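Q: I'd like to go over a predicted model; first the sequence, then the structure.
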Amino acid sequence: MPASSKSAPPPIVTLLTDFGTADYFVAAVKGVILGRCPGATLIDVTHDVPAHDVAAAAFTLLAVHRSFPPGTVHLAVVDPGVGSARRPIAAAAGGQLFVAPDNGLLDYVLQRESGARVHHVTAEQLFQRPTSATFQGRDVFAPVAAALAVGTAPSHLGPAIHDFVKLPPLRPATDADGVWHGSVLHVDRFGNCVTTFARDEAPGTNLKGRSFRLTVGSRAVTELREFYAAGGESPEALFAIWGSAGFLEVSAWRDSAARLTGVKRGDAVALRMG
Amino acid sequence: MPASSKSAPPPIVTLLTDFGTADYFVAAVKGVILGRCPGATLIDVTHDVPAHDVAAAAFTLLAVHRSFPPGTVHLAVVDPGVGSARRPIAAAAGGQLFVAPDNGLLDYVLQRESGARVHHVTAEQLFQRPTSATFQGRDVFAPVAAALAVGTAPSHLGPAIHDFVKLPPLRPATDADGVWHGSVLHVDRFGNCVTTFARDEAPGTNLKGRSFRLTVGSRAVTELREFYAAGGESPEALFAIWGSAGFLEVSAWRDSAARLTGVKRGDAVALRMG
Amino acid sequence: MPASSKSAPPPIVTLLTDFGTADYFVAAVKGVILGRCPGATLIDVTHDVPAHDVAAAAFTLLAVHRSFPPGTVHLAVVDPGVGSARRPIAAAAGGQLFVAPDNGLLDYVLQRESGARVHHVTAEQLFQRPTSATFQGRDVFAPVAAALAVGTAPSHLGPAIHDFVKLPPLRPATDADGVWHGSVLHVDRFGNCVTTFARDEAPGTNLKGRSFRLTVGSRAVTELREFYAAGGESPEALFAIWGSAGFLEVSAWRDSAARLTGVKRGDAVALRMG
């Protein structure tokens, strides 16, 4: 049995940004965290969020956070308004902790985790001095993440707020003809198209054993598979599948559904039950 | 002397996948491991294996594993058959531990490490519940890697097997004219072309001090250098060199041998001794 | 309070290379370090330095190192002369430790940190055996970094030297007309152009509240902003800003200044005070 399991393990801090990996930005954030929370375990979620794409980061954070143990601190910085008046916020939700700019980045998590509490971080004495106007990931958000990691409660960082920035809700809407309208929430590395239809909400809850027609770009999908390799391997065959993030995905056998349908993130999808 | 060296160090788990680094996939795998093996040291080998390219991942695992200390757990997931009936396997070989889908990914390591033992992982009680059909890296392989990291023996995960999937052997063949035929095993970031000619096997063992002619794509190589900067720096000069993975590589001085020769992974190479 | 903060934290080793992330190179370096310094915290700075671009790596190391706690070991390998006679060096500077090939990679740090001491690493008994002629990152630099991380002083690794390789100085020069001439030191992921004009040196020290004209490629910049979102958001508007690395940057609101000006790293910039 390794020694590390005999005492409390080091705190975990995840990092999710649009900083890329070619610059020194991510390492600078980590250096500041390690200086304030020695021994922290630092985990990259991704730094390849499209520059300034808050909703893309919000989806990624939603999809990943429940894989981490209770008490994990998630630091997320996609921040088109860096240096402006937008607030830094810290949140507790679902047994985990979050720090981000107040621009909607945490909203998908907060929509889906019960008992979420959000605080405006006003404890500026924590920040790195001098505080760069262009790199708040290093000088503002890293110190806050480290404070959460060493045990500081969000309520000690500033006042509770309820007017934090929201994103458009993920929930699909149904029209007069009973057609459900959603959108493409994410296209992954393999070209799978994650839709806004969630497994645990209508219309997703109605799909099993029913016939349906899901319109995605130039194509229509009528098959719900249990796993990728479940059926025929005909070229260009599209199918729907419940993806690992809990949403309906459009996939193709060893091919890119995004390429076959021509859709990209944000495009509309429509679901008609048979 | 740092405290960390006074007690048993945390277990090491390496990760090798084709998941890319833009999605949440890799972090989800890490979150599951950290929840089950708190304090584990997690090391990325690469996540940029070409999608579904099992042989490329097998080479990378072969090239890297001996750099790690005994007891390291190597988690490798390149899995075109995710969700199908292909087996998860766990192996002990060369003093290290491995977990992967049974599709040949471990085969180059198993070909070259003595005393390898391979087990079909049937201990489904370890898996994450519910078990996603599309993301077994998170729900199947991560829990198994964590079990190995906390000290579970592969033999406790399921029955020993001998019929695991093999890849075509790496060993070069010789023809009636005495010409050795191999292939390009890997092209690295610098354009060096790693061949299947190993240093410790014929014909590699015969090269020293002999004249030879190595045909690679559109070019022929006749010089064996000890290091990159050893000789002339003439533009477009190609040479052979024993690479860090133990295989003969075709290289160029501050240039890409792959570009100069026009070869890519899998292409044939031929060696004629002088 | 986490257990990890009760005793000395594990040593930190950062890694900065041009190895890319698709090969096994970075993981091999980490495996060797972990075998010699169990439990070390390993932090990637970047591995996407343009191949063989020593000055780019030198800038990145300069920009990031002060974000790390005292005692951090920085391992930097961009090494066009791998295997040749160029020396491995180890340095202590600014309370931190550095190991790199002697090709100028440490020079920007050494120019700016007082009390720097540089040693030629001759302690070959530390190296991995056999020592690959093509992969000294793994077989030479990783062992040296591990030795520094476990507490070996640079002076125990070899003799002090003063003739280490320098890069052209960063300091801008002024001409007979009083125009300052500098260059583009770095272009970051967002297209911000970092110049060689430092905040704490002339002419940077003179900019505040003065009118100026900064010529960058095809464009001229006359505005100094405090933060990105400070002013108008007119398309194609360029402005100067003090960047997080302490140098004057040319930026654009949600756009790439590099694209708008057409400059790349190394291009000249000129500053005329009003």
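A: Nice, thanks for sending it over.
Q: Tell me if I'm right that residue A:200 and residue A:246 touch.
A: Yes. Residue A:200 is in contact with residue A:246 according to Cβ atoms under 8 Å; the separation is 6.9 Å. Heads up, the C-betas are built off the backbone N, CA and C, glycines and all.
Q: Between those two, which is the more surrounded one?
A: More neighbours surround residue A:246 than the other of residue A:200 and residue A:246, with 17 against 9 (other Cβ atoms under 10 Å in any protein chain shown).
Q: Is it correct that residue A:66 falls within a helix?
A: Yes. Membership of residue A:66 in a helix is supported by DSSP: H, G, I helix; E, B strand; the rest coil.
Q: Tell me how far it lies from chain C.
A: 22 Å (Cβ to the nearest Cβ, to the nearest Å).
Q: Also residue A:139?
A: Counting by Cβ to the nearest Cβ, the gap from residue A:139 to chain C is 8 Å.
Q: Residue A:74 touches residue A:66, doesn't it?
A: No. Taking contacts as Cβ under 8 Å, residue A:74 lies outside contact range of residue A:66: 11.0 Å.
Q: Mind checking which of these two has more residues around it?
A: Neighbours were counted for residue A:74 and for residue A:66 using other Cβ under 10 Å; residue A:74 has more, 27 against 17.
Q: For that one, which residues are in contact?
A: With contacts defined as Cβ atoms under 8 Å, 6 or more residues apart in numbering or on different chains, residue A:74 is in contact with A:13, A:14, A:16, A:45, A:61, A:65, A:68, A:96, A:97, A:98, A:99.
Q: what do you get for residue A:144?
A: Residue A:144 is in contact with A:88, A:90, A:99, A:121, A:123, A:126, A:157, counting by Cβ under 8 Å, 6+ apart.
Q: do residue A:174 as well
A: Residue A:174 sits next to A:180, A:181, A:203 when contact means Cβ under 8 Å, 6+ apart.
Q: try 7 Å this time
A: Counting by Cβ atoms under 7 Å, 6 or more residues apart in numbering or on different chains, residue A:174 touches residue A:180.
Q: And the pLDDT for it?
A: On pLDDT, residue A:174 comes in at 92.
Q: returning to what we had before: out of the contacts of residue A:74, which are inside helices?
A: Among those, the members found in helices (DSSP state H) are residue A:61.
Q: List just the nearest of the contacts of residue A:74 to residue B:226.
A: Using Cβ to Cβ, the shortest approach to residue B:226 within the contacts of residue A:74 belongs to residue A:45, at 43.0 Å.
Q: Isn't that closest one up against residue A:16?
A: Yes. Using Cβ atoms under 7 Å, residue A:45 is in contact with residue A:16, at 4.0 Å.
Q: ok, whatever residue of the stretch 151-274 of chain A ends up closest to chain C - how many residues close by?
A: Per Cβ to the nearest Cβ, residue A:151 is where the stretch 151-274 of chain A lies closest to chain C, at 5.8 Å. For residue A:151, the neighbour count with other Cβ under 10 Å is 13.
Q: so what sits against both of residue A:45 and residue A:16?
A: residue A:60.
Q: what does chain A put close to chain C?
A: Selection of chain A residues close to chain C by Cβ under 7 Å from any Cβ of the partner chain yields A:7-8, A:10-11, A:19-24, A:27-28, A:30-32, A:34-35, A:38-39, A:51-52, A:80-84, A:132-135, A:138, A:150-151.
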